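S.K.: Below is the structure, and that's it, no one-letter string:
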DNA sequence: ATGTCC
């Protein structure tokens, strides 16, 4: 086979629990990847969620419990996650055009001196560099201003319709990728947890988790400053990580662990997101849940789904909620268009039906900020 | 995913 991504297949396969209905949009290739990983040596249990889709190093939208550490099941973006903040700015006071212009400062990232001191305060300055701290990055990462549209559990948070929130999706940027690429070659067979390679990886992995969380907080602070308001954290959840659990190792790849029982479920730039509560009553879900709608179409195929003419590209900078998309990178604008993602309502329905989540609030995107840079993708007035 | 690949 010669594919370095997949480990050896063992004779026994771990139990796979699927938390999606027969109607869910799950590609056969994602199912195949789930089955292949379940047959890796030392795999104990696997959980697949309704946002499941194929990934480069294994399926995304899944959790894996194993007796060893598999860095490829965390992937390059170690510590990637979603943070949700409430803004003390009501929806009726948001001037979208002005906010779009002011959010352009996000392209610059955090001030290097602020980034360095934040890293030192977190106590990880010796393990990981500050470069890139406070920057969103590319791919599916974003900083989005959202409006609370409906609150189904008023007691769960202080959120009310008409409030604005900030949803930040980012990770450890080039630092996590550097850690992954610098691994000891034996990663392809998985690391024995008591070995030196595992210790080195875990120390860097844990630093990347802190870095990524700090990154999201700095992005939120920069955005709040640009909008002349304050941001207060509701929850911050990680969906690419490995964590010790009862003598085993729980890997999350595009599957979120809860923060005080709360998880943001990202929709897309043209669909609502949800704040959900996660009761953690289903052991086979491995303390994990979907982190978003999940990809429906891969990046390459999105280029064939959008005509590269000015009018169609300009249409991609507007959403159905009267909101805007700021993305000066034309390729990224197409690759991350709304249709690239599954229907978040279907994903949520499956999670509710399987007892993994309860909706707290529905949030609609008003400004999806990716990058102001390059061309004027977000500013085509 | 990536100061990424073309």
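M.R.: Alright, I've got the coordinates. Treat the numbers as computed from the prediction; the structure is a model and nothing was measured.
S.K.: In contact with the most centrally placed residue in chain A, which residues are there?
M.R.: The structure's chain A has its C-alpha centroid closest to residue A:81; by C-alpha atoms, centre = their mean the separation is 4.4 Å. Counting by C-beta atoms under 8 Å, 6 or more residues apart in numbering, residue A:81 touches A:169-171, A:212-213, A:216, A:236-240, A:256, A:291. For glycine as for every other residue, the C-beta is placed from the backbone atoms N, C-alpha and C.
S.K.: What about DNA strand B: which of those residues touch it?
M.R.: The subset of the contacts of residue A:81 within reach of DNA strand B, by C-beta under 7 Å from any atom of the strand, is A:170-171.
S.K.: nearest to residue A:262, of the contacts of residue A:81?
M.R.: residue A:237 (7.7 Å; C-beta to C-beta).
S.K.: So the closest one: helix, strand or coil?
M.R.: strand (DSSP: H, G, I helix; E, B strand; the rest coil).
S.K.: For it, grab the count of nearby residues.
M.R.: 24 (other C-beta atoms under 10 Å).
S.K.: what's the biggest helix by length in chain A packed up against?
M.R.: For chain A, the helix with the greatest residue count under DSSP state H is helix A:196-226. Secondary-structure packing of helix A:196-226 (3 or more C-beta pairs under 8 Å, 6 or more residues apart in numbering; DSSP states H and E): strand A:81-87, helix A:112-122, strand A:142-151, strand A:164-170, helix A:173-181, strand A:231-238, strand A:240-245.
S.K.: Okay, now the unreliable bits of chain A?
M.R.: In the predicted model, chain A carries pLDDT under 70 at residues A:1-8, A:374-381.
S.K.: the helices in it, which residues?
M.R.: Along chain A, counting by DSSP H, helices occupy A:28-38, A:96-102, A:112-122, A:173-181, A:196-226, A:299-302, A:310-315, A:330-335, A:344-353.
S.K.: Say whether DNA strand B is contacted by the shortest one.
M.R.: If I follow you right, that is helix A:299-302. No: Helix A:299-302 is not in contact with DNA strand B by C-beta under 7 Å from any atom of the strand; minimum separation 8.6 Å.
S.K.: quick one: buried residues of that helix?
M.R.: residue A:302 (16 or more other C-beta atoms under 10 Å).
S.K.: just to revisit the earlier point, distance to residue A:325 for the helices and strands packed on helix A:196-226 - can I get that in TSV?
M.R.: Below are those laid out as TSV (distance: least, C-beta to C-beta, whole Å):
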stretch	distance to residue A:325
strand A:81-87	18
helix A:112-122	27
strand A:142-151	9
strand A:164-170	14
helix A:173-181	21
strand A:231-238	21
strand A:240-245	24
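S.K.: Which among these is found nearest to residue A:329?
M.R.: Closest among the helices and strands packed on helix A:196-226, using C-beta to C-beta: strand A:142-151, at 12.1 Å.
S.K.: returning to what we had before: give the bridge partners for the residue nearest to the centre of chain A, please.
M.R.: Taking DSSP bridges as the rule, residue A:81 bridges to residue A:170, residue A:238.
S.K.: need the residues of the stretch 1-150 of chain A near DNA strand B, please.
M.R.: Taking C-beta under 7 Å from any atom of the strand, the part of the stretch 1-150 of chain A that reaches DNA strand B is made up of A:56, A:60, A:75-77, A:80, A:131-132, A:135, A:137-141.
S.K.: One more pass at 10 Å, please.
M.R.: A:53, A:55-57, A:60, A:75-78, A:80, A:109, A:129-132, A:135-142 (C-beta under 10 Å from any atom of the strand).
S.K.: Repeat that for the stretch 201-350 of chain A.
M.R.: A:215, A:240, A:254, A:295, A:298-299, A:329, A:331-332, A:335-336.
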